[in-house]
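Asks: Need coordinates for the following:
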Amino acid sequence: MAAINDIISFLLQTLLSMYLFAMVLRFLLQLVRADFYNPISQFLAKITNPVVLPLRRVIPGVAGIDLSSLLLAILLQMLLLAVLLFFRQNVVAGVGILFVGGLFGVAALVLQIYFFAIIAMIILSWVAPGNPHPAIRLIHQLTEPVMVPFRNLLPPIGGLDLSPILVFIAIQVIEIALAHMANAVGVGGLVLWLF
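Replies: Numbers count the residues shown, from 1 in each chain. As a prediction, this is how the structure comes out:
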């Protein structure tokens, strides 16, 4: 029976994590005004529209921020936490603790997305500079709004852009702060995406 619980937990965690990633990515791409006609953007819209569009009728966006996608990401994170707690520790957590864990989890996932997207941009700038692939364009559109302020602080030196180092330091500082805040409110063990 324990093996079945582990299998169900693994499958649910995998499916919910993938859908949560798609939802957060949709939110971020809309936030940075990435190309909606990009095939990857279209795919994300297609798989998330069935849950986003009905909620959007009730919760409209504010100042270009898609609140329905953000709320759904938090709800998915809460569901993922509830599933993990139930199957791994046989615990049914309260809605309040799940909500706080969901907020911290989505924030930590956003940081991880940016961390890996910037690493991808660095590698792609070495191996495929100027490549017009839709994924590369989308990663560039996602990371550029974050990189510009850091590039203004530390302009390229001799053609070498060192601003990603500052971004990585900022991400690490925010992750440390998030981990301490999560521990302070009692949800430190529930935040899945912190390193």
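
Asks: Quick one: low-confidence residue ranges for the chain.
Replies: 1, 190-195 (pLDDT under 70).

Asks: what ranges do the helices span in it?
Replies: For the chain, the helices defined by DSSP state H cover 2-31, 39-58, 67-89, 95-127, 134-153, 163-184.

Asks: Please identify the most buried of the ones you listed.
Replies: helix 67-89 (a mean of 20; mean count of other C-beta atoms under 10 Å). C-beta: built from backbone N, CA, C; applies to glycine.

Asks: Does anything pack onto that one? Which helices or strands?
Replies: Counting contacts by 3 or more C-beta pairs under 8 Å, 6 or more residues apart in numbering; DSSP states H and E, helix 67-89 is packed against helix 2-31, helix 39-58, helix 95-127.

Asks: Next, format the ones you listed as JSON lines and append distance to Ile74.
Replies: As requested, the helices and strands packed on helix 67-89 are exported to JSON lines (distance: least, C-beta to C-beta, whole Å):
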{"stretch": "helix 2-31", "distance to Ile74": "9"}
{"stretch": "helix 39-58", "distance to Ile74": "12"}
{"stretch": "helix 95-127", "distance to Ile74": "4"}
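
Asks: Relative to His133, which of those is closest?
Replies: helix 95-127 (8.8 Å; C-beta to C-beta).

Asks: Could you figure out how far that closest one is turned away from helix 2-31?
Replies: 70 degrees (axes from the mean of the first three to the mean of the last three C-alpha atoms, to 10 degrees).

Asks: Report the angle between helix 95-127 and helix 67-89.
Replies: Using the same axes, to 10 degrees: helix 95-127 against helix 67-89 is 110 degrees.

Asks: check contacts around the residue positioned nearest the centre of the chain.
Replies: Residue closest to the average C-alpha location in the chain (C-alpha atoms, centre = their mean): Val110, at 3.3 Å. Counting by C-beta atoms under 8 Å, 6 or more residues apart in numbering, Val110 makes contact with 24, 28.

Asks: List the contacts of Leu25.
Replies: Leu25 neighbours (C-beta under 8 Å, 6+ apart): 44, 113.

Asks: count of neighbours near the residue lying closest to Leu85 once chain neighbours are set aside?
Replies: In space, and not counting its chain neighbours, Leu85 is closest to Val91: 4.6 Å by C-beta to C-beta, 6 or more residues apart in numbering. By other C-beta atoms under 10 Å, 10 other residues sit near Val91.

Asks: separation between Val91 and His140?
Replies: 42 Å (C-beta to C-beta, to the nearest Å).

Asks: try Gln112
Replies: 18 Å.

Asks: how many neighbours does Arg35 have?
Replies: No Arg there; residue 35 is Asp. Asp35, neighbours per other C-beta under 10 Å, totals 14.
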